[in-house]
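Asker: This is a predicted model, with the sequence first.
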Amino acid sequence: MEQNRQQFEGSLNSYYATPNAKVDRLARFILALSAAVACEELSTLATSALLQFPVNPGTIGTQTTIRTAEVVLVDGTGGGGPLVPAFLVPAQYFYVLGAQLPATIGADQRFRMACRDNQERLLPLLSAAFDDGKITHRTLRFQRSSPRSIWRSAPKS
């Protein structure tokens with residue numbers, strides 16, 4: 001009798017193993033999407049944005065002494081509030097950067113991680129996502145309306 005029960009439990013566990021694994025994987029992607037949308041909204045509340053870029057992209061040589069430049073965008077009103085217009089980083093970027101993170105990492109921490117990450121790690125991830133069509137050149141945009149209108153203001157591809 002005990003052996004039959006154990007055999008039944010083993011069969012039951014193996015029956016549910018594959019669907020449970022699929023559900024766990026899907027739940028992680030849904031959490032990543034939800035966190036990405038939250039990170040997009042957090043980006044509209046930023047009080048500053050740092051842009052780093054090469055001075056002469058594509059040139060190799062020692063003729064220039066300054067290879068990169070930085071620009072810091074700040075609120076021009078002096079009120080210390082969010083940028084106007086809001087500098088919105090679309091959810092697609094945050095999704096690409098956070099899809100493989102554990103479910104224990106919340107949206108606030110994902111946002112901080114994305115903002116503080118280095119270019120050497122981000123560039124290959126974002127380039128691969130661009131090549132795969134997950135993000136496009138039309139994805140990044142300035143949002144002039146309320147942060148609550150996140151998906152409605154996205155341009156159609």
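Answerer: Yes, it's here.
Asker: residue ranges with poor pLDDT in the chain?
Answerer: Applying pLDDT under 70 to the chain flags the ranges 60-64, 79, 137-157.
Asker: Identify the single longest helix in the chain, thanks.
Answerer: If you go by DSSP state H, the chain has its longest helix at helix 2-44.
Asker: Just name whatever secondary elements it is in contact with.
Answerer: Where contact means 3 or more CB pairs under 8 Å, 6 or more residues apart in numbering; DSSP states H and E, helix 2-44 is packed against strand 86-88, helix 91-98, helix 107-116. C-betas here are computed from N, CA, C, even on glycine.
Asker: Can I get these in JSON lines including mean neighbour count?
Answerer: Shown next, in JSON lines, are those (neighbours: other CB atoms under 10 Å):
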{"stretch": "strand 86-88", "mean neighbour count": "19"}
{"stretch": "helix 91-98", "mean neighbour count": "22"}
{"stretch": "helix 107-116", "mean neighbour count": "16"}
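Asker: Quick one: the ones you listed as a markdown table, columns for distance to Thr65 too.
Answerer: Shown next, in a markdown table, are the helices and strands packed on helix 2-44 (distance: least, CB to CB, whole Å):
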| stretch | distance to Thr65 |
| --- | --- |
| strand 86-88 | 30 |
| helix 91-98 | 32 |
| helix 107-116 | 28 |
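Asker: Identify whichever of these lies nearest to Asp132.
Answerer: helix 91-98 (9.2 Å; CB to CB).
Asker: Pull the distance from that closest one to the chain's centre.
Answerer: Centroid separation for helix 91-98 versus its chain: 2 Å, with CA atoms, centre = their mean, to the nearest Å.
Asker: which residues are in contact with that helix?
Answerer: 32-33, 35-37, 39-40, 105, 110-111, 113-114, 117, 122, 125-126, 129, 134-135, 139-140, 150 (CB atoms under 8 Å, 6 or more residues apart in numbering).
Asker: Let's see the ChimeraX selection covering just the buried ones among these.
Answerer: Buried subset of those, written as a ChimeraX selection, criterion 16 or more other CB atoms under 10 Å:
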select :32,33,35,36,37,39,40,110,111,114,126,129,135,139,150
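Asker: hmm, back to that, I'd like to know which elements whichever helix or strand comes after the longest helix of the chain is packed against.
Answerer: Per DSSP states H and E, helix 2-44 leads on to strand 48-54 as the next helix or strand towards the C-terminus. Judged by 3+ CB pairs under 8 Å, 6+ apart, strand 48-54 is in contact with strand 68-74.
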